[in-house]
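[1] Can you look at this prediction? I've put the sequence above it.
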Amino acid sequence: MMKLVKEQKWGYAVLKEKVDTNAINFSHLQMKINEVEDAQVFTKSMFTYGMDFRAMNQVSNDFLRKVGKCYQEMLPQDSSLDLELQHRLINTLSQYATTIPVLSGHHNKMSKETEQEMFAFEMGNYSVCDVIMIEPQRQTMEVVEHLLHHISDVGLFYIFPNEWAFNNENATIVKSMNIAIDKKCFRIEDYKELQEIDDELYQRILVQEYAYWIISTYWNIQEKYGPNEKEWRIRNKKELQEKLPLAYELIETTVNDIIVAPSDDIMSSF
């Protein structure tokens, strides 16, 4: 099974072939929650801005809409941004079937039925890089992190391959990450067991985590909302520029033209 997924997906997550070539109608980007036929667990679907959120029945519509609003705020239709490039990213997410499962509870406590439907996502024609989990503790960075995982792993990966491809050792994001590891700004000890499973899986997860850290730090939201973890030791935009100038420049020349930090109102609502 792993061989089959590896043949179909980069890093066991990102589809190598498009499932759709149509472009999104950007005059109709409303959030609408639909029922999913034949699903026993992930019974809700909400498609917006190229992203499909598949939620368990226990996930409230209010929470799902807040996740969608947070995502939309990261991709505002603002003329100060490069909307042509942004729309290309959104279309890329859609065309490669970027999908985020939204779970009620922790993924380590999934029922057999939930595991089966998650397995169907992993094996099917979807780009699934992570999940969003509803747990008792504050959810702000849980949501932002896993939105960014999909944006970077699929969208940035395809539209900026020289800068953001996690499987390209010469890509700027990989070079920057290796500098951060050498400087001990990004500590990767907790991921070593993944390397024993597969190098490609290990590389993809390392880069997606690093991408989340540098973007959210550049946005200055780590100090206020982020857990102060040993994995990442840089707390704000100024420190990022001083300690990892290549990462800072990468965001300045790519991400800044497309996505922005969600508002304090939406982040504090989780």
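    That came in fine, so what should we check first? Remember, it's a predicted structure, so these values are computed and weren't measured experimentally.
[2] now for the top helix by length along the chain, which elements pack on it?
    For the chain, the helix that runs over the most residues, judged by DSSP state H, is helix 199-218. Helix 199-218 is packed against helix 140-150, helix 172-182, helix 192-197, helix 237-243, helix 245-253, with contacts defined by 3 or more CB pairs under 8 Å, 6 or more residues apart in numbering; DSSP states H and E. For every residue, glycine as well, the C-beta is placed using N, CA and C.
[3] which residues of the protein score low on pLDDT?
    For the chain, the stretches flagged by pLDDT under 70 are 1, 27-29, 106-108, 136.
[4] Just the strands from it, written as ranges.
    For the chain, the strands defined by DSSP state E cover 9-10, 14-15, 33-35, 44-48, 51-55, 99-104, 132-134.
[5] Most tightly packed of the ones you listed?
    strand 51-55 (a mean of 24; mean count of other CB atoms under 10 Å).
[6] Need the residues that contact it.
    Strand 51-55 is contacted from outside by 36, 39, 42-47, 64, 67-68, 71, 93-94, 97-102, 121, 126, 132, 147, 150, using CB atoms under 8 Å, 6 or more residues apart in numbering.
[7] For the longest helix of the chain, what is the distance to the chain centroid?
    Between the centre of helix 199-218 and the centre of its host chain there is 10 Å, according to CA atoms, centre = their mean, to the nearest Å.
[8] could you dump the strands of the chain to JSON lines with distance to Leu240?
    Below are the strands of the chain laid out as JSON lines (distance: least, CB to CB, whole Å):
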{"stretch": "strand 9-10", "distance to Leu240": "27"}
{"stretch": "strand 14-15", "distance to Leu240": "26"}
{"stretch": "strand 33-35", "distance to Leu240": "37"}
{"stretch": "strand 44-48", "distance to Leu240": "30"}
{"stretch": "strand 51-55", "distance to Leu240": "26"}
{"stretch": "strand 99-104", "distance to Leu240": "26"}
{"stretch": "strand 132-134", "distance to Leu240": "25"}
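[9] who wins for proximity to Ser111 among those strands?
    Comparing these against Ser111 with CB to CB, the closest turns out to be strand 99-104 (10.7 Å).
[10] now that closest one against strand 44-48, angle please.
    Angle of strand 99-104 versus strand 44-48, following axes from the mean of the first three to the mean of the last three CA atoms, to 10 degrees, is 130 degrees.
[11] other SSEs contacting strand 99-104?
    Strand 99-104 sits against strand 51-55, helix 61-74, helix 112-123, strand 132-134, helix 140-150, with contacts defined as 3+ CB pairs under 8 Å, 6+ apart.
[12] what's the spacing between it and its chain's center?
    Computed by CA atoms, centre = their mean, the chain-centroid distance of strand 99-104 equals 12 Å.
[13] same question, stretch 90-107
    8 Å.
[14] Check which residues of the longest helix of the chain are buried.
    In terms of neighbour count (16 or more other CB atoms under 10 Å), helix 199-218 has its buried residues at 200-218.
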